[in-house]
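*Asks:* pasting the sequence and the predicted model now:
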Amino acid sequence: MSQEYCLVASGLQYDTLNNNYRQKNGRRLTMATGAPTYKIILCGEYGVGKSSLFRRFMNDTFSMEKGKKSTIGLDQASQSFQVGGEEVKLTLWDTGGMERMSFIGQSYYRGANAALLCYSINNKETFSILSQYILDIVMNAEGAKIFLCGNFADCEAEDRVNDADIENFTRECGNVLSGSYQVSCKDGTSVKDMFADMARVLHRENAKKMTLRKDLVIQPGVTPEDDDIHKKKCCTSS
Ligand SMILES: Nc1nc2c(ncn2[C@@H]2O[C@H](COP(=O)(O)OP(=O)(O)O)[C@@H](O)[C@H]2O)c(=O)[nH]1
Ligand SMILES: [Mg+2]
């Protein structure tokens with residue numbers, strides 16, 4: 001897996017649908033095409049292991065030190081994945097501890113393709129508060145897919161978040177979840193598989209959108225009558 005640290009140039013946003021960057025005023029730039037890139041934001045209470053997930057993602061390391069800043073001072077990192085023989089990039093964003101000040105700026109959410117909703121498996125409070133985070137995501141990151149991540153799978157606790165809790169929560173939030181994982185940042189269990197699965201889900205969803213777009217766009221100089229797709233639609237509907 002190749003590794004690259006990514007700084008998003010100020011004033012530019014990645015447009016996943018077109019695989020290039022556009023200025024925030026909406027004007028598309030012709031430069032910078034490449035592998036489709038999906039922005040994932042980490043959400044959840046302080047102490048659930050968001051920065052630990054970030055560190056596992058970035059360089060597959062773990063530290064017991066709480067609130068440890070990333071050594072290179074970046075809160076975004078990118079990794080490449082293969083999905084169906086295609087290169088896909090995930091860019092993971094960490095809050096950098098901002099959740100402690102109850103302030104996460106809108107730029108954190110802006111353009112997010114997915115949110116990874118983190119809780120600690122052995123701390124039910126961090127789980128029961130997640131509906132508030134879902135509200136924040138829905139309000140600030142329109143269209144972002146939401147994934148659930150229970151961390152601390154290596155720890156034993158009597159009152160663990162169990163499968164029934166997860167099922168109830170999934171039902172309560174109207175099945176908005178696109179995936180649910182249980183991982184341990186400490187021993188690394190399932191962390192890599194989780195990100196690979198997210199890459200798959202996000203890329204497949206995007207590929208579906210691209211196909212739909214192609215079907216709906218009428219090419220310049222091609223009248224709907226000439227166009228195969230439209231012909232087919234006309235023929236099947238008659
Ligand atoms: N045992 C165990 N400890 C963990 C795990 N993930 C994180 N921690 C520890 O939990 C504390 C909080 O983690 P951190 O990543 O700073 O949480 P954040 O506040 O959500 O960013 C740190 O001391 C980590 O070393 C895990 O899977 N198992
Ligand atoms: Mg943190």
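*Replies:* Structure's in. What do you need? Note that the structure is predicted; figures quoted are calculated from it, not measured. Ligands and ions are numbered 1, 2, ... in the order given.
*Asks:* all contacts plus neighbour counts: C-alpha atoms, from now on.
*Replies:* Will do.
*Asks:* near ligand 1, anything from the longest helix along the chain?
*Replies:* Taking DSSP state H as the assignment, the helix of the chain that covers the most residues is helix 191-216. No. Judged by C-alpha under 6 Å from any ligand atom, helix 191-216 and ligand 1 are separated, with a smallest distance of 9.7 Å.
*Asks:* helix or strand: which one has the residue in the chain positioned nearest to ligand 2?
*Replies:* Scanning the chain for the residue nearest ligand 2 gives residue 51, at 4.1 Å (criterion: C-alpha to the ion). Residue 51 belongs to helix 50-59 when assigned by DSSP states H and E.
*Asks:* which positions in this protein make contact with ligand 1?
*Replies:* So the chain meets ligand 1 at 46-52, 63-67, 151-155, 184-186 (C-alpha under 6 Å from any ligand atom).
*Asks:* filter those down to just the buried residues.
*Replies:* Buried members of the residues of the chain next to ligand 1, scored by 16 or more other C-alpha atoms under 10 Å, are 46-52, 151-154, 184-186.
*Asks:* returning to that earlier point: what helices or strands is the helix holding residue 51 leaning on?
*Replies:* strand 76-83, strand 86-93, helix 191-216 (3 or more C-alpha pairs under 8 Å, 6 or more residues apart in numbering; DSSP states H and E).
*Asks:* how big is the angle separating the first one from helix 191-216?
*Replies:* Going back to what we said before, that points to strand 76-83. Computed by axes from the mean of the first three to the mean of the last three C-alpha atoms, to 10 degrees, the angle separating strand 76-83 from helix 191-216 equals 70 degrees.
*Asks:* so is strand 76-83 next to ligand 2?
*Replies:* No. Interface with ligand 2: strand 76-83 contributes nothing (C-alpha under 5 Å from the ion), its closest point being 12.5 Å away.
*Asks:* partners of that strand, with directions?
*Replies:* strand 3-4 (antiparallel), strand 86-93 (antiparallel) (DSSP bridges).
*Asks:* so which of those is nearest residue 127?
*Replies:* Nearest to residue 127 among the strands paired with strand 76-83 is strand 86-93 (20.6 Å), distances taken as C-alpha to C-alpha.
*Asks:* for the helix or strand just after that closest one, the distance to its chain's centre please.
*Replies:* Using DSSP H and E, the helix or strand that follows strand 86-93 in sequence is helix 106-109. Distance of helix 106-109 from its chain centroid, counting by C-alpha atoms, centre = their mean, to the nearest Å, is 13 Å.
*Asks:* the inter-axis angle of the longest helix of the chain versus helix 50-59?
*Replies:* 80 degrees.
*Asks:* residue 39 should be in a strand, yeah?
*Replies:* Yes. The assignment for residue 39 is a strand, going by DSSP: H, G, I helix; E, B strand; the rest coil.
*Asks:* so for residue 122, which of the helices and strands packed on helix 50-59 sits nearest?
*Replies:* Closest to residue 122 of those is helix 191-216 (C-alpha to C-alpha; 17.5 Å).
*Asks:* I'd like the average pLDDT over the closest one.
*Replies:* The pLDDT scores in helix 191-216 average 89.
*Asks:* could you do stretch 136-153 as well?
*Replies:* For stretch 136-153, mean pLDDT rounds to 95.
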